[in-house]
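> give the three-dimensional model of this entry:
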Amino acid sequence: EPTLLVGETGTGKTALVQQLARVTGAPLTVVNLSNQSESADFLGGFRPAGARHLCLPLLPRFRAVFEATFPSGANTEFMTRVVRYAERRK
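The predicted structure follows:
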């Protein structure tokens, strides 16, 4: 069950709980808080993602759909360039 330990810095709160977890084999997640802690510390936040991080995972599906839709002979050069460009961006 989640527990909040409150006390002065350096009194051994974390060390005590870490030792108890080691002895009992219980999983432990330690979260150190302060007066400056915010909800984003728990929930995470947004970070910008570049187009390549969004698009590169789609390449295999794009390739399959493209090759099923358009004649491969007429588009070999195009697909070669797309794949080569993606390989350089990894």
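> please make it C-alpha for all contacts and neighbour counts, starting now.
Will do.
> need the longest helix for this structure.
helix 76-89 (DSSP state H).
> may I see the buried residues of it?
Buried residues in helix 76-89, counted by 16 or more other Cα atoms under 10 Å: none are found.
> for that helix, give me every contacting residue.
For helix 76-89, the surrounding residues in contact (Cα atoms under 8 Å, 6 or more residues apart in numbering) are 52, 56, 59, 63.
> so where does the first one fall, helix or strand?
In other words, residue 52. Residue 52 belongs to helix 51-55 when assigned by DSSP states H and E.
> so what does the helix or strand just after that helix touch, helix or strand wise?
Downstream of helix 51-55, the first helix or strand assigned by DSSP H and E is helix 59-69. Packing contacts for helix 59-69, counted by 3 or more Cα pairs under 8 Å, 6 or more residues apart in numbering; DSSP states H and E, involve helix 76-89.
> pull the distance from the helix it packs on to the chain's centre.
27 Å (Cα atoms, centre = their mean, to the nearest Å).
> quick check: mean pLDDT of that helix?
Confidence for helix 76-89, expressed as mean pLDDT, is 87.
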